[in-house]
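Participant: Structure for this input, please:
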Amino acid sequence: MDDERPGRRESVDLYARARAYESVQALLSDDHNHERGVAAARGLAMAVFAEAGVDGLAEVAVELSSKLASALERIAVDQGIAALDLADVWFLD
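Facilitator: You can find the predicted model right below:
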């Protein structure tokens, strides 16, 4: 069976987007217990790996990176700086 059949890419994208959203929700949902949010996000990552393997986990990572990059671009525009400079501040400082 061909994994690149029409519709497969969209279903992978929807799966990755849903799991990425669940992971972010897990981290944001409990303001008072960061460790519980991290544990929930880790559990979701393990579930993705069990359900979809390394490829599924990679798709979720790409989706999270894409959404983060988009958010950084919007914030950077509002602050009048380059998105790459903002990423440096967030990740390298």
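Participant: by contact count, what packs against the strand or helix carrying Tyr21?
Facilitator: Secondary structure from DSSP states H and E places Tyr21 in helix 8-28. For helix 8-28, the packing partners by 3 or more C-beta pairs under 8 Å, 6 or more residues apart in numbering; DSSP states H and E come out as helix 34-79. Using the backbone N, CA and C atoms, a C-beta is placed for each residue, glycine as well.
Participant: quick one: average confidence on the helix it packs on?
Facilitator: Helix 34-79 shows a mean pLDDT of 95.
Participant: and after it, which helix or strand comes next?
Facilitator: Downstream of helix 34-79, the next assigned helix or strand under DSSP H and E is helix 83-92.
Participant: which strands and helices sit next to that next one?
Facilitator: Counting by 3+ C-beta pairs under 8 Å, 6+ apart, helix 83-92 packs on helix 34-79.
Participant: packing partners for the helix it packs on?
Facilitator: Partner elements for helix 34-79 (3+ C-beta pairs under 8 Å, 6+ apart): helix 8-28, helix 83-92.
Participant: Any idea how far stretch 86-93 is from the middle of the chain?
Facilitator: Its chain's C-alpha centre and that of stretch 86-93 lie 18 Å apart, by C-alpha atoms, centre = their mean, to the nearest Å.
Participant: which residues sit against it?
Facilitator: Contact partners of stretch 86-93, identified using C-beta atoms under 8 Å, 6 or more residues apart in numbering, comprise 69, 72, 75-76, 79.
Participant: Against Ile75, how distant is Lys67?
Facilitator: Distance, Lys67 to Ile75, using C-beta to C-beta, to the nearest Å: 13 Å.
Participant: Please point out which parts of stretch 52-71 sit buried.
Facilitator: Buried residues in stretch 52-71, counted by 16 or more other C-beta atoms under 10 Å: 52, 56-57, 59-60, 63-64.
Participant: List just the nearest of the contacts of stretch 86-93 to Leu14.
Facilitator: Set against Leu14, the nearest of the contacts of stretch 86-93 by C-beta to C-beta is Ala69 (19.5 Å).
Participant: Thanks a lot, catch you later.
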